[in-house]
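K.L.:
Got a predicted model here, sequence first, then my questions.
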Amino acid sequence: MDYCPEGIGNVVFAARDAFTRHDYDTFVRATNILLSRLPSAETSEWQGHGREWLGHWLRDLEQYFRIRNIAMSRYDVNDVTTKWCSGLVAIGSRERDVVSEKLVIALEEGIKLGLVGFNPEEGEALNQLKTTYLSISNRPSTVAGILTLWDCTDVNDDEDIAHVYGSKIETGVMEIRHALRI
């Protein structure tokens, strides 16, 4: 499929219309096109009404992720396989502030629930999204993981604690240092 600058606005409209009608098959198909084609759009497509439409579509995408998470339904529909993380990274690389923290949190939740097809490339893209868009307080895997390590009620002495939890604590501390960029 060739990129058609004049048509990209129509794809945004199609995605938004499909979402309002709960036609998630069409929404995902249009979103797949947008995630793959928008990063190569001309700068004019990212200004004025185009930017506004983009923002509305990304809010619809966040709501779609939340709906699918609650329903425990896979994000991709039928034969469509979407590169959710890498597509959002590409869009965010053009305009950082169009991708929201809430969108990344909802996507990460879907990944943890196993609702998203995932491979190493998408894993790297997810890490980029988390590093770029999540504040320290919204990195639950790091903070919650460390806090649960301190619940050592089943361990009898300090030596057992060091043996059982030592490497996990060290890894968690390294993650926190990286998150804080210490």
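P.N.:
Cool, the structure landed.
K.L.:
buried stuff in the host helix or strand of G9?
P.N.:
Element membership of G9, judged by DSSP states H and E, is helix 5-20. In terms of neighbour count (16 or more other C-beta atoms under 10 Å), helix 5-20 has its buried residues at 8, 11-12, 14-16, 18-19. C-beta here means a position set from N, CA and C on the backbone, and glycine is covered the same way.
K.L.:
mind giving me CSV with those and columns for pLDDT and distance to L38?
P.N.:
Below are these laid out as CSV (pLDDT from 0 to 100; distance: C-beta to C-beta, whole Å):
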residue, pLDDT, distance to L38
I8, 82, 7
V11, 91, 9
V12, 91, 9
A14, 95, 14
A15, 96, 11
R16, 96, 14
A18, 97, 17
F19, 98, 16
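K.L.:
of all those residues, which comes closest to E122?
P.N.:
Closest to E122 out of the buried residues of helix 5-20 is A15 (20.7 Å), distances taken as C-beta to C-beta.
K.L.:
how much space between the closest one and D25?
P.N.:
For A15, the distance to D25 equals 12 Å [C-beta to C-beta, to the nearest Å].
K.L.:
domains of the protein?
P.N.:
5-134, 135-182 (automatic domain parsing).
K.L.:
For these, which has the smallest mean pLDDT value?
P.N.:
With a mean of 49, domain 135-182 has the lowest mean pLDDT of the domains of the chain.
K.L.:
ok, the buried residues of helix 5-20 vs N78, which is closest?
P.N.:
A18 (13.7 Å).
K.L.:
wait, doesn't that closest one sit right on Y24?
P.N.:
Yes: A18 lies in contact with Y24 (C-beta atoms under 8 Å); the separation is 7.4 Å.
K.L.:
can you pull the buried residues of the host helix or strand of E121?
P.N.:
Assigned by DSSP H and E, E121 belongs to helix 120-133. Neighbour-count burial for helix 120-133, counted by 16+ other C-beta under 10 Å, picks out 122, 125-126, 128-130, 133.
K.L.:
Give me the three-state assignment for H22.
P.N.:
Three-state assignment for H22 (DSSP: H, G, I helix; E, B strand; the rest coil): coil.
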